[in-house]
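A.B. asks: when you get a sec, could you give me coordinates for this:
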Amino acid sequence: MPIRRLPLLLLLSAASAAAQDAPATAAACSPGNVVCVELGLDGDGRPSYRVQRAGRQVLAPSRLGMILADAPKLERNLAIADVRRATFDETWEQPWGERREVRNHYNELTVTLREKSGPGREFDVVFRLHDDGLGFRYAFDRQPALERLEIVEELTEFHLAEDATAWWIPAFEWNRAEYLYHATPLREVGDAQTPITLRMDDGLHVSIHEAALVDYAGMNLTRVEGRRLKAALTPGTSTRANVSVATPFRTPWRTLQLGMRAGDLVESPLILNLNEPNRLGDVSWVKPMKYVGVWWEMHMDLKSWASGPKHGATNENVRRHIDFAARHGFGGVLVEGWNVGWDGDWFGNGEAFRFTRSYPDFDLEALSAYARERGVVLIGHHETSGHAAHYESQMDAAFDLYRRVGVPAVKTGYVADAGQAKVRDADGNLVFAWHEGQDMVNHHLRVVEAAARRRIAVNPHEPVKDTGLRRTYPNWLTREGARGMEYSAWGDPGNPPGHEPTLVFTRLLAGPMDYTPGIFGMETRAPGGVETTWAKQLALYVVIYSPLQMAADLLDNYERNPGPFQFIKDVPVDWEATRVLNGEVGEYVTIARRERGGDDWYLGAVTDAQPRTLEVALNFLEPGRRYTAQVYRDGDRADYRGNREDIVIEAREVTSVDTLTLRLAPGGGQAIRFVAQ
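C.D. replies: The predicted model follows:
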């Protein structure tokens with residue numbers, strides 16, 4: 001049955017379908033009638049939903065339901081007991097972000113499904129339809145037959161109506177989310193993490209992910225046959241169920257972002273809009289910033305996290321970084337390896353970490369005071385080796401220490417193989433857990449809330465996936481959750497040239513990433529070194545969004561190259577507006593952003609291993625105003641395989657009616673600052 005395009009008057013109606021009418025279907029469309037959904041039941045009372053965009057089918061009938069550990073599954077013998085519709089329209093302001101203002105305009109369809117016999121259990125399926133996609137979730141009220149939910153698996157499906165190309169990384173593998181992306185036909189997808197990005201033959205782009213992941217297991221996708229993807233919950237610590245919750249309860253949103261351009265996915269605020277508003281109140285203390293750190297030198301094996309003659313986190317070395325940050329206008333200095341626990345097998349023994357005890361050659365209080373006197377702050381570091389239980393036993397004291405000495409942000413780490421994190425079960429026993437299982441999802445939120453009580457921002461690495469909770473908890477600034485720049489220091493292989501233009505349209509659809517760009521020393525321990533040009537390293541500050549951006553290289557490399565370093569010093573980390581000017585997944589992308597509270601625009605363009613010439617209209621600039629375009633582009637001989645340092649820095653006058661020709665070398669890029677006159 002085709003989806004009905006419901007008139008807007010009906011969508012705004014508060015009328016409910018009477019239970020005795022037992023409708024067989026319920027349907028609704030987004031405010032602009034772009035995205036439509038229909039929920040229906042088959043002859044056995046099994047629910048499914050289908051999705052259209054602009055009149056074409058995107059999802060064929062896709063199952064809904066759940067398998068429970070201690071009760072019959074919620075999957076058949078159901079009837080539509082009630083249908084409710086509502087509409088919502090607001091514009092809200094991000095305290096920081098890719099854009100200041102976000103419009104949240106949707107039509108909501110709530111369908112109550114009730115068993116026709118037996119205990120008569122019921123649940124809602126709630127759809128929110130935006131013009132850029134939709135989210136849906138299951139909602140359970142408390143009822144005698146459903147006081148708790150022991151969820152073994154969801155039956156949720158995403159049955160693509162057409163063949164597509166898929167960009168995805170494997171799920172349930174040892175290295176968490178740190179894999180290079182596969183680009184395969186949809187029919188070759190196996191177990192995949194989300195977001196997964198798909199492109200139909202006619203150019204329609206689809207991203208499947210989730211929003212507001214709270215007290216639940218992270219969702220992966222398993223291709224069960226053909227074009228049919230099924231939700232696969234990350235395992236829990238119990239042998240009975242992957243999720244255990246009391247009712248009333250609402251699952252995370254299952255999301256579908258849709259757009260004819262790849263850039264439409266990047267510009268979509270759907271994931272943020274499906275999260276609840278800020279719960280922290282005044283968050284003026286959350287400060288986006290650029291930072292340097294005692295970090296890359298360890299990855300290059302010039303310094304060590306462990307104590308001894310190579311120790312990086314010494315008073316002398318940290319003061320050097322503080323002085324550099326103050327001299328060049330950076331807000332923070334990250335220090336890794338400062339606390340006891342890095343000696344020996346720290347990867348396998350997270351219990352050795354002491355989060356309030358420094359090594360003897362590091363004075364936290366004195367160094368923090370030294371930094372503050374120079375207008376800089378220290379960024380703390382808590383590596384846990386995935387031992388969440390041990391970290392939680394010291395977390396409050398650790399945050400109290402940071403609060404007392406004036407450390408306003410912390411990078412946390414969970415370096416452990418997938419399935420090897422450690423948590424306490426309901427009986428207090430130490431058990432192994434997956435990084436995105438329910439226990440670790442709850443752990444990360446406890447960390448963010450504990451940090452917020454001390455006015456501390458958090459940047460987790462090896463994290464739980466981003467699902468837009470930065471809207472609700474704005475101190476959750478950024479995170480890793482993908483293959484970062486460190487793979488270009490020692491990876492075999494390192495990050496190839498197509499990695500970053502893939503991340504933009506996959507991982508970064510979930511939220512900001514602490515990718516740590518800005519490398520000028522291109523010869524590293526990785527066999528191919530850093531497989532980009534210098535110009536691309538600069539462009540990454542615009543292309544890969546994060547409110548914390550690191551100038552990751554050795555300080556000496558910046559001191560020796562003040563010309564290109566100037567762009568890193570100039571580029572902001574907080575934005576008024578963002579525009580994706582062009583792009584194809586895994587190939588190239590050009591993004592322009594306007595600085596928050598200012599008039600200057602910044603542009604970044606990057607390509608894969610192929611050289612490209614891109615025509616970019618400057619109609620995003622303010623009409624009638626002149627700008628000086630400060631251009632950092634690949635030189636004529638630039639190539640990621642050699643002459644990576646070949647960069648040209650030049651300036652020209654432009655206006656909004658001009659078009660620029662961007663010539664990108666293999667593995668190259670271009671960065672431009674448009675200074676308003």
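
A.B. asks: when you work out contacts or count neighbours from here on, use the C-alpha atoms and nothing else.
C.D. replies: Noted.

A.B. asks: doesn't G259 make contact with V206?
C.D. replies: Yes: with contact defined as CA atoms under 8 Å, V206 counts as touching G259 (6.8 Å).

A.B. asks: higher neighbour count, those two?
C.D. replies: V206 (26 against 21; other CA atoms under 10 Å).

A.B. asks: re the thing from before, shared neighbours of V206 and G259, anything?
C.D. replies: L265 (CA atoms under 8 Å, 6 or more residues apart in numbering).

A.B. asks: quick one: contacts for G624?
C.D. replies: Listed by CA under 8 Å, 6+ apart, the contact set of G624 reads 655-656.

A.B. asks: looks to me like it is in a strand.
C.D. replies: No: under DSSP: H, G, I helix; E, B strand; the rest coil, G624 sits outside any strand and is assigned coil.

A.B. asks: how much space separates it from L660?
C.D. replies: Using CA to CA, to the nearest Å, we find G624 at a distance of 17 Å from L660.

A.B. asks: so what touches the helix or strand containing S62?
C.D. replies: Using DSSP states H and E, the element containing S62 is strand 56-63. When contacts are defined by CA under 8 Å, 6+ apart, strand 56-63 is touched by residues 46-52, 155-162.

A.B. asks: quick one: which of those sit in strands?
C.D. replies: 47-52, 157-160 (DSSP state E).

A.B. asks: quick check, nearest of those residues to T237?
C.D. replies: Set against T237, the nearest of the ones in strands among the contacts of strand 56-63 by CA to CA is E157 (24.4 Å).

A.B. asks: okay, how far is it across stretch 512-532, tip to tip?
C.D. replies: Start-to-end, stretch 512-532 (CA to CA) is 21 Å.

A.B. asks: what about it, average pLDDT?
C.D. replies: The pLDDT scores in stretch 512-532 average 98.

A.B. asks: likewise stretch 263-281?
C.D. replies: Computed over stretch 263-281, the mean pLDDT rounds to 98.

A.B. asks: buried sites along it?
C.D. replies: 263-275, 277-278 (16 or more other CA atoms under 10 Å).

A.B. asks: what residues sit buried inside the host helix or strand of L134?
C.D. replies: Taking DSSP H and E as the definition, one finds L134 inside strand 133-140. Of all the residues in strand 133-140, those buried under the rule 16+ other CA under 10 Å are 133-140.

A.B. asks: nearest to E75 among these?
C.D. replies: Y138 (12.5 Å).

A.B. asks: follow-up on the earlier one: which other helices and strands contact the helix or strand just after the strand holding S62?
C.D. replies: Once the chain leaves strand 56-63, the next helix or strand it forms, by DSSP H and E, is strand 66-68. For strand 66-68, the elements it packs on are strand 148-154, judged by 3 or more CA pairs under 8 Å, 6 or more residues apart in numbering; DSSP states H and E.

A.B. asks: just the mean pLDDT for the strand it packs on, thanks.
C.D. replies: 97.

A.B. asks: before we move on, back to that, next, the buried residues of the strand holding S62.
C.D. replies: 57-63.

A.B. asks: for those residues, give me JSON lines that also has distance to D70 and pLDDT.
C.D. replies: Formatted as JSON lines, the buried residues of strand 56-63 follow (distance: CA to CA, whole Å; pLDDT from 0 to 100):
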{"residue": "Q57", "distance to D70": "37", "pLDDT": "98"}
{"residue": "V58", "distance to D70": "35", "pLDDT": "98"}
{"residue": "L59", "distance to D70": "31", "pLDDT": "98"}
{"residue": "A60", "distance to D70": "31", "pLDDT": "98"}
{"residue": "P61", "distance to D70": "28", "pLDDT": "98"}
{"residue": "S62", "distance to D70": "25", "pLDDT": "98"}
{"residue": "R63", "distance to D70": "21", "pLDDT": "98"}
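
A.B. asks: what two of the residues you listed are the furthest from one another?
C.D. replies: Farthest pair in these, by CA to CA: Q57 and R63, 15.8 Å.

A.B. asks: now T412: phi and psi?
C.D. replies: Backbone torsions of T412, given as degrees, to the nearest 10, read phi -100, psi 160.

A.B. asks: please enumerate the strands of the stretch 401-550 of the chain.
C.D. replies: 409-413, 421-424, 430-433, 457-461, 548-550 (DSSP state E, counting those that start in this stretch).

A.B. asks: out of the ones you listed, which comes closest to D82?
C.D. replies: strand 430-433 (39.0 Å).

A.B. asks: quick check: the residue most central in space within the chain vs R673, distance?
C.D. replies: Note on the chain: the residue nearest the mean C-alpha position is G511, at 2.9 Å, using CA atoms, centre = their mean. Going from G511 to R673 by CA to CA gives 24 Å.

A.B. asks: quick revisit: now the strand holding L134: average pLDDT?
C.D. replies: 98.

A.B. asks: show me what that strand pairs with in its sheet, parallel or antiparallel.
C.D. replies: strand 122-130 (antiparallel), strand 249-250 (antiparallel), strand 253-259 (antiparallel) (DSSP bridges).
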